[in-house]
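J.: Using only what follows, build the 3D model:
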Amino acid sequence: IFTYYFLVDGKQIIAEFVGLLPEKEVTTRFLLELDLIYKSLFRVFFLNSLLTGITGAIGFLVLGIPYPILCGMIIAVVALVPMVGPEMIFGPLALYYLLTQDYTTGLALLAFGIIFLTVIPNNFVLPRLASASASIHTLITLMAFTAPVFVIGLMGVIVGPAIYGFLLAAYRTMVYFRKVTPEAESAASSMPMSK
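T.: Residues are numbered from 1 along each chain as shown. Model (predicted):
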């Protein structure tokens, strides 16, 4: 119910909330930065999942796995949940091929899944996309996405990017007002004094 009303009247609620705060301009700028960062992070997660699903479908097609497009679509959906991820699809498939003594396909599927569906998307593609959209170094982005998982477990998948976005928005707001204040002071000092 709360989500429904927030989606319907969200802009009005935020406008009234910002009006109650003493530093209206700073809060408005912070919320604008926060909105931009969170939107870009959500786009990055969806884009990374889509790319992982397409890569999975192509790999399964090359390896001769039945229903490669369906498997790729499922991988795209489960890639949105990093701790579940594509491993839940290619792992049992590889195990099946190994148990049926098709060692070549099983090992190839396992290697393909680990390298192209897990390591590359999570450690290279996701941080690179996030750093490009958030304009921050890839190493910091990678740490923001992975370190919370090791510290607080599964909840780190949600908490890490949320804190990352919040801190980045606060930093950008601070930098913006540090630039604006000296420019305004220099503009005011250069104006002629009226008598």
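
J.: Mind listing what's buried along stretch 56-73?
T.: Applying a neighbour-count criterion of 16 or more other C-beta atoms under 10 Å, one finds 56, 57, 59, 60, 63, 65, 68, 71, 72 buried in stretch 56-73. Any C-beta I mention is one placed from the backbone N, CA and C, and that applies to glycine too.

J.: List of residues touching that stretch?
T.: 53-55, 75-76, 86, 89-90, 93, 105, 108-109, 112-113, 116-117 (C-beta atoms under 8 Å, 6 or more residues apart in numbering).

J.: I'd like to know which of these are part of helices.
T.: 53, 54, 55, 75, 76, 89, 90, 93, 105, 108, 109, 112 (DSSP state H).

J.: of those residues, buried ones?
T.: The buried subset of the ones in helices among the contacts of stretch 56-73 (16+ other C-beta under 10 Å) comprises 53, 55, 75, 76, 89, 90, 93, 105, 108, 109, 112.

J.: Three-state assignment for residue 66, please.
T.: At residue 66, secondary structure determined by DSSP: H, G, I helix; E, B strand; the rest coil is coil.

J.: Pretty sure residue 93 sits against residue 112.
T.: No - if you go by C-beta atoms under 8 Å, residue 93 and residue 112 don't touch, sitting 10.4 Å apart.

J.: Could you pull up the residues touching residue 161?
T.: Per C-beta under 8 Å, 6+ apart, neighbours of residue 161: 41, 144, 145.

J.: ok, the second one - how many residues close by?
T.: Think residue 144. Residue 144 has 23 neighbours, counted by other C-beta atoms under 10 Å.

J.: Counting neighbours, what do you get for residue 11?
T.: 9.

J.: whoops, residue 173 was the one
T.: Counted with other C-beta under 10 Å, residue 173 comes out at 20.
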